[in-house]
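S.K.: Generate coordinates for the sequence data below:
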Amino acid sequence: MRKLLFLLSMVMLCTLAFSQDRTITGSVKDAAGAPVPGASIRIKGTRTGTAADNNGQFRIMAKSGDVILVTATGIDPEEVVVGASNAISVTVKNSVSTGQEVVVTALGIRRSERALGYGVTKVDPNNLLQKSEPDILKGLAGKVPGVDIRGGQGAPGAAARIQIRGVSSFNGGEPLIVVDGVPYSNNLVNTSNPFTGGGTYGSGFGDLDANDIESISILKGAAAASLYGSRAANGVLLITTKSGNPKKGAKPLNVSYKTGYSVETISDIPDFQNDYGAGANFRVQSSNGSWGGRFGKGVIYNATGDVIGTSASGIDSIPATTWA
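M.R.: This is a model prediction of the structure:
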């Protein structure tokens, strides 16, 4: 009887000792063996938790059978069951969705979107490929809240205008465009010359191919201007292009082909008058800039003063046309 009581007491003591909390030490490392500082360590289903130090080391009170949950920004959650050992090593994997939480800021610095103190909107470049727009800015139209994008002029290929959070200046108010850390010009090339002005031009921004873009971020607010100075007072359109992949196993070559075309039709054409025109006696040099006398009979000259024909009637020898 005494032996049986002794055996039962020993079993109870072992069970009690087994269920008591004890200090568990461990380390958190990534797939490359580097420590993960600041990782959150907690007992699943409880409020007991701690954080890893700068070397990825941690200490926590737990008992056998408890599940330790390890989480951190940029990694997948990892669970480890506490066994008989008082030391554990946790190896975590990088999260596949990390790229969606990282924003490229000034000088190509990558930061977590939650760590930024200003509004940031990201655009998936694949959405641009769904619209066969010749201009990247026109492809962004309707995809970003608070951003107004419209064609600057009516002719095909004309540069588009972009404004973030409405008009804030009489001098354009367009945001700063940065491509791979280099400011990019979206200014309209135009002139006030009475003879050569009035033309429709595109901008250099239209030369960018949507297939070459890796990410597009729109920085809003005055805080975004602090990264680039006064030029970014109206916000920043930040574009990062694709680059080579140095990882092993990556595809060495990827070829894609896509084409598209667009057709624009003039909805309305104004009525032209053929009685008056710029210049005198069909010579543009004598023009006052935008108006002139009535067309009459005489010799017709070109802009350099050379004779190009004669007019036998009192109307323009080259009548107005729709050039259709």
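
S.K.: now stretch 234-242: mean pLDDT?
M.R.: For stretch 234-242, mean pLDDT rounds to 81.

S.K.: and that stretch, C-alpha only, in CSV?
M.R.: Taking C-alpha atoms only, stretch 234-242 is exported to CSV below (Å, rounded to 0.1, in the frame of the first residue of the first chain):
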residue,chain,number,x,y,z
ASN,A,234,1.5,70.3,-55.5
GLY,A,235,2.4,66.7,-54.8
VAL,A,236,4.6,64.1,-56.4
LEU,A,237,4.0,61.5,-59.0
LEU,A,238,6.6,58.9,-58.3
ILE,A,239,7.4,56.2,-61.0
THR,A,240,9.8,53.3,-60.7
THR,A,241,10.7,51.4,-63.8
LYS,A,242,11.5,47.7,-64.0
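
S.K.: Next, count neighbours for residue 148.
M.R.: 14 (other Cβ atoms under 10 Å). All C-beta spots, glycine's among them, are computed from the backbone N, C-alpha and C.

S.K.: Quick check: it touching residue 174?
M.R.: No - in this structure, residue 148 is not within contact of residue 174 by Cβ atoms under 8 Å, at 10.5 Å.

S.K.: Which neighbours do those two have in common?
M.R.: Common contact partners of residue 148 and residue 174 (Cβ atoms under 8 Å, 6 or more residues apart in numbering): 162, 163.

S.K.: Ends of stretch 137-146, what's the gap?
M.R.: End-to-end distance of stretch 137-146 (Cα to Cα, to the nearest Å): 14 Å.

S.K.: For it, buried residues please.
M.R.: 137, 138, 139, 140, 141, 143, 144 (16 or more other Cβ atoms under 10 Å).

S.K.: Any idea what the closest residue to the fourth one other than its chain neighbours is bridged to?
M.R.: If the residues on either side of it in the chain are set aside, residue 140 comes closest to residue 149, at 5.7 Å by Cβ to Cβ, 6 or more residues apart in numbering. Per DSSP bridges, residues listed as beta-bridge partners of residue 149: residue 162.

S.K.: Going forward, the N-terminal residue is numbered 64.
M.R.: New numbering, starting at 64: the last item is residue 212.

S.K.: Is it correct that residue 212 is in contact with residue 206?
M.R.: No - if you go by Cβ under 8 Å, residue 212 and residue 206 don't touch, sitting 9.0 Å apart.

S.K.: Do a quick rundown of the helices in this protein.
M.R.: 65-82, 188-192, 199-203, 285-291 (DSSP state H).

S.K.: And the ones you listed, which one averages the lowest pLDDT?
M.R.: helix 65-82 (a mean of 55).

S.K.: For residue 145, see how far away residue 127 is.
M.R.: From residue 127 across to residue 145, the span is 5 Å (Cβ to Cβ, to the nearest Å).

S.K.: quick one, which of the two is more surrounded?
M.R.: residue 145 (20 against 15).

S.K.: Quick check: the more buried one vs residue 134, distance?
M.R.: Relative to residue 134, and taking Cβ to Cβ, residue 145 is found at 17 Å.

S.K.: Check residue 190 too.
M.R.: Noted for residue 190: a distance of 31 Å to residue 134, by Cβ to Cβ.

S.K.: now do residue 302
M.R.: From residue 302 to residue 134 the distance is 33 Å (Cβ to Cβ).

S.K.: In terms of pLDDT, where does the nearest residue to residue 237 once chain neighbours are set aside sit?
M.R.: Counting by Cβ to Cβ, 6+ apart, residue 237 lies nearest to residue 225, which is 5.7 Å off, once chain neighbours are set aside. Here the pLDDT value assigned to residue 225 is 76.

S.K.: so what's residue 225 up against?
M.R.: Residues near residue 225 by Cβ under 8 Å, 6+ apart: 200, 203, 210, 211, 212, 237, 238, 249, 300.

S.K.: Between the two ends of stretch 297-306, how far is it?
M.R.: 29 Å.
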